[in-house]
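Student: Got a sequence here, can you model it:
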Amino acid sequence: MKKNLLQAVTIGLTSLILSVQATAGGNNDLVYHGPLTPVERSSTTTNLISIYAIYWLPTSLQDNTPVSGSSNYVRFHHQFLVDIGGANGLSSIANQYYSVDAKKIKNYANARLLYTDEIVDTSPYPTTGCPESMLSSTNCLEDSDIQAKIVEIVDEHKWMVNSHTVFLVYTAKGEDVCDGNGNCTTTGTQFCGYHSAILHPQARSFLAYASLPYTGANGVGNCGTGSYPQNYPDAEAVANTAVSQIFATITNPLHNGWYTKNGQEIGDICKGVTASTGNTWANGTANHQWNGHFYSIQPLYDNHLHACVDSGS
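Tutor: Numbers count the residues shown, from 1 in each chain. Below you'll find the model as predicted:
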């Protein structure tokens, strides 16, 4: 799909940035900005939301800098996305958020996840660059590049596009990503990741996606929690971003769903907040244990409890 067509059908490209911190409390509750604004809902067939991952990891960046460690990086995120599937506590937080249809019926998110498919794409990054990037005007992707790659992969592999799907795009270390609004991982309103949506030309639904740059544990925005039970800080920090973006995509896919009066989403408001259950796993380094693997993941915001928590009320 050509980039200019994608730009023409783009909707809601405002990036919801993870770099803003807030103190949890009743005045910070998420507010529904509907009516008729959708949330992502589980498929009636599987009772799950399908997660698809695109690991866009060429062998080198645009300036020929080699990309290394891709296989370990993919292996980690594959396991993480498998582990977070089903009942993980975090989904039960998102389940309280809903959309309102034309009959004024509330349709709740039902946000259990299923890691459905993945592609490792080693095709080169485009060389058009990003003049707004402070990291590298050469080694950089625009949001339109991310969109074009998603549509290409979705069409090639005949992935489903509907309100039960979320697409994740992982990119390589050293590759800056800009959101199309003048913000990059290193420039402007710096971010750990962002989500958005486009209208897929062949589907009667929006295509919701999240961009997950390789920010690393100590990069701009402090994207991790500071605790890394698997001793892979860079990958664990991006996994932390993935959680926030997945559930923001579910509760606010078109950027006019659930967010606070200050524009913060379900994960934004909890960035930097200590796990509500404490780090009870892996010698005090993890707050989640799924399938025998330990993770340190920021909480999500629960409107019922008016607080950032690790599991729903």
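
Student: what stretches of the stretch 1-150 of the chain score poorly on pLDDT?
Tutor: For the stretch 1-150 of the chain, the stretches with pLDDT under 70 are 1-27, 42-46, 87.

Student: Let me know whether S296 touches Q289 as I believe.
Tutor: No - using C-beta atoms under 8 Å, S296 is not in contact with Q289, being 10.8 Å away. Yep, even glycine has a C-beta here, placed from its N, CA and C like the rest.

Student: Those two: who's more crowded?
Tutor: S296 (23 against 14; other C-beta atoms under 10 Å).

Student: what about that one, distance to A217?
Tutor: Going from S296 to A217 by C-beta to C-beta, to the nearest Å gives 11 Å.

Student: residues shared between the contacts of those two?
Tutor: Shared contacts of S296 and A217 (C-beta atoms under 8 Å, 6 or more residues apart in numbering): G224, Y228, E236.

Student: is it true that the second one lies in a strand?
Tutor: It stands for Y228. No - using DSSP: H, G, I helix; E, B strand; the rest coil, the secondary structure at Y228 is coil, not a strand.

Student: What helix or strand is the closest residue to it other than its chain neighbours located in?
Tutor: Nearest residue to Y228 in three dimensions, chain neighbours excluded: E236, at 4.7 Å (C-beta to C-beta, 6 or more residues apart in numbering). Assigned by DSSP states H and E, E236 belongs to helix 233-251.

Student: Just the mean pLDDT for that helix, thanks.
Tutor: Averaging pLDDT along helix 233-251 gives 96.

Student: Tell me the gap between it and the middle of its chain.
Tutor: Distance of helix 233-251 from the chain centroid (C-alpha atoms, centre = their mean, to the nearest Å) equals 5 Å.

Student: Can you mark which positions in it are buried?
Tutor: 234-251 (16 or more other C-beta atoms under 10 Å).

Student: any chance you could map the strands in the stretch 101-250 of the chain?
Tutor: Shown for the stretch 101-250 of the chain, the strands assigned by DSSP state E, counting those that start in this stretch span residues 106-108, 113-121, 140-141, 165-173, 176-177, 194-199, 206-214.

Student: Cheers, nothing more for now.
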